[in-house]
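Trainee: What follows is a protein structure lacking sequence information:
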Ligand SMILES: [Zn+2]
């Protein structure tokens, strides 16, 4: 598709076909396209500096509002005129091969965006029809920033356990936590560790978040009738050693996953459950037989992400010389952290490694409290202990812990 054709589509999509003056000139089209690209370049470069992971374009009556998500928190970024904003959204849709004429259906796509002077990044786009037009979300997928398991910030005991369960030849590992809490980052960190050329690794995602050389990555495509169970069966016929399933959403997928994990493949999957034990309950709720589930389950990783205090400006609550009390720190703000008091994020989590005793308890339907307590007795550093540890090390603040780890999920003693 050449530029003029793209721009004609833009015009039709915006209901501007009656005014063809701006598409009748190649020169004008080139300027228009250049203006959008220049604007996107500046916007993305600036927002990357501010640590943005997502952009949100929201059409309003006279403007298109732009917000970013940075370190998990939404914040306004600016406004552009509605006319320019709609052109920008249409331009992104065309570039991502989305159907420009379908503005009343949610769509998704992906583009590689070249940044001036600093390489290129992958962007995942998703649109949603709204009362004022069409919202667009851009997620930045920067494979250059892919972390290792050590970088994520798990407690030393937890990441050793994670390596331990991930090096098993077969079985199921669940990574659980709310959306935006770094589950995919953890899965990719594990895959990066396993991707040493000795294993055939397949991923099944919706959509693909990162690309990693050496992996076989597949994406479901519901509009073409390709769903999770279909692709998963296809992958099993490819003789995989490791399978990463984005999310177990239905009973057919759950059944296939457990069969694969029981027949010698290492399967990694995510769940939106809030805690380790709820993740186990969710699998049983999907109709998986407890004995098959218990016999293949290697472990469950539960995690949250909290913002890290800026080391340049954090303030001690008890002063430097107060030896009797444990140190706690609060954010302050300096030029180094954009005056937010925080810089980067770190995981707070727990890794439940299924022992023979725990396998028996899951099989027999033991309570949430009993399973958790047994795991702690066996040496698991739980979410609450890890959070406390990170507070005492001055890595994060009480506010961050309270925001990301609500008390009822961290404190099993109240059950
Ligand atoms: Zn600072």
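Mentor: Now that the structure is in, tell me what you want to look at. Predicted, not measured: the structure shown is a model, and the values here were computed from it. Numbers count the residues shown, from 1 in each chain.
Trainee: From the ion, how far out is residue 355?
Mentor: 43 Å (C-beta to the ion, to the nearest Å). From N, CA and C alone the C-beta is placed, and that goes for glycine too.
Trainee: For the closest residue in space to that residue that isn't next to it in sequence, give me its contacts.
Mentor: Of all residues not flanking residue 355 in the chain, residue 378 sits nearest, at 5.8 Å (C-beta to C-beta, 6 or more residues apart in numbering). Residues near residue 378 by C-beta atoms under 8 Å, 6 or more residues apart in numbering: 353, 355, 357-358.
Trainee: From the residues you listed, list the buried ones, please.
Mentor: 353, 358 (16 or more other C-beta atoms under 10 Å).
Trainee: Please say whether there is contact between the helix or strand hosting residue 308 and the ion.
Mentor: When elements are assigned from DSSP states H and E, residue 308 belongs to strand 297-309. No: using C-beta under 5 Å from the ion, we find that strand 297-309 stays clear of the ion, coming within 8.3 Å at best.
Trainee: Domain map for this structure?
Mentor: If you go by automatic domain parsing, the domain ranges for the chain are 3-144, 146-414.
Trainee: which one of these is the most hemmed in?
Mentor: domain 146-414 (a mean of 18; mean count of other C-beta atoms under 10 Å).
Trainee: From the contact counts, what lies against the strand holding residue 308?
Mentor: helix 156-166, strand 171-176, helix 183-194, helix 276-285, strand 342-353, helix 383-392, helix 398-404 (3 or more C-beta pairs under 8 Å, 6 or more residues apart in numbering; DSSP states H and E).
Trainee: right, and the ones you listed - which one's nearest the ion?
Mentor: Comparing these against the ion with C-beta to the ion, the closest turns out to be strand 342-353 (6.5 Å).
Trainee: And that closest one, what does it pack against?
Mentor: By 3+ C-beta pairs under 8 Å, 6+ apart, strand 342-353 packs against helix 156-166, strand 297-309, helix 383-392, helix 398-404.
Trainee: Let me have the ones you listed in JSON lines, extended by mean pLDDT.
Mentor: Formatted as JSON lines, those follow (pLDDT from 0 to 100):
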{"stretch": "helix 156-166", "mean pLDDT": "93"}
{"stretch": "strand 297-309", "mean pLDDT": "94"}
{"stretch": "helix 383-392", "mean pLDDT": "91"}
{"stretch": "helix 398-404", "mean pLDDT": "89"}
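Trainee: need those in JSON lines with distance to residue 371, can you?
Mentor: Listed next are these as JSON lines, based on distance: least, C-beta to C-beta, whole Å:
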{"stretch": "helix 156-166", "distance to residue 371": "16"}
{"stretch": "strand 297-309", "distance to residue 371": "10"}
{"stretch": "helix 383-392", "distance to residue 371": "14"}
{"stretch": "helix 398-404", "distance to residue 371": "23"}
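Trainee: tell me the contacts of the residue lying closest to residue 302 once chain neighbours are set aside?
Mentor: Leaving out its chain neighbours, the residue that sits closest to residue 302 by C-beta to C-beta, 6+ apart is residue 276, at 4.6 Å. Applying C-beta under 8 Å, 6+ apart to residue 276 gives the contacts 176, 300, 302, 350, 352, 371-372, 375.
Trainee: Repeat that for residue 208.
Mentor: Going by C-beta under 8 Å, 6+ apart, residue 208 touches 110, 217, 219.
Trainee: if you set the cut-off to 10 Å instead, what comes out?
Mentor: 110, 122, 124, 141, 215, 217-220, 246 (C-beta atoms under 10 Å, 6 or more residues apart in numbering).
Trainee: Kindly report the same for residue 311.
Mentor: By C-beta under 10 Å, 6+ apart, the neighbours of residue 311 are 329, 336-337, 343-344, 394-395.
Trainee: nearest to the ion, of those?
Mentor: residue 337 (3.3 Å).
Trainee: ok, now how distant is that closest one from residue 344?
Mentor: Residue 337 sits at a distance of 9 Å from residue 344 (criterion: C-beta to C-beta, to the nearest Å).
Trainee: quick one on the thing from earlier: ranking the domains of the chain by mean pLDDT, which is last?
Mentor: If these are sorted by mean pLDDT, domain 3-144 sits at the bottom with a mean of 76.
Trainee: That one and the ion in contact?
Mentor: No: using C-beta under 5 Å from the ion, domain 3-144 never reaches the ion; the gap is at least 12.9 Å.
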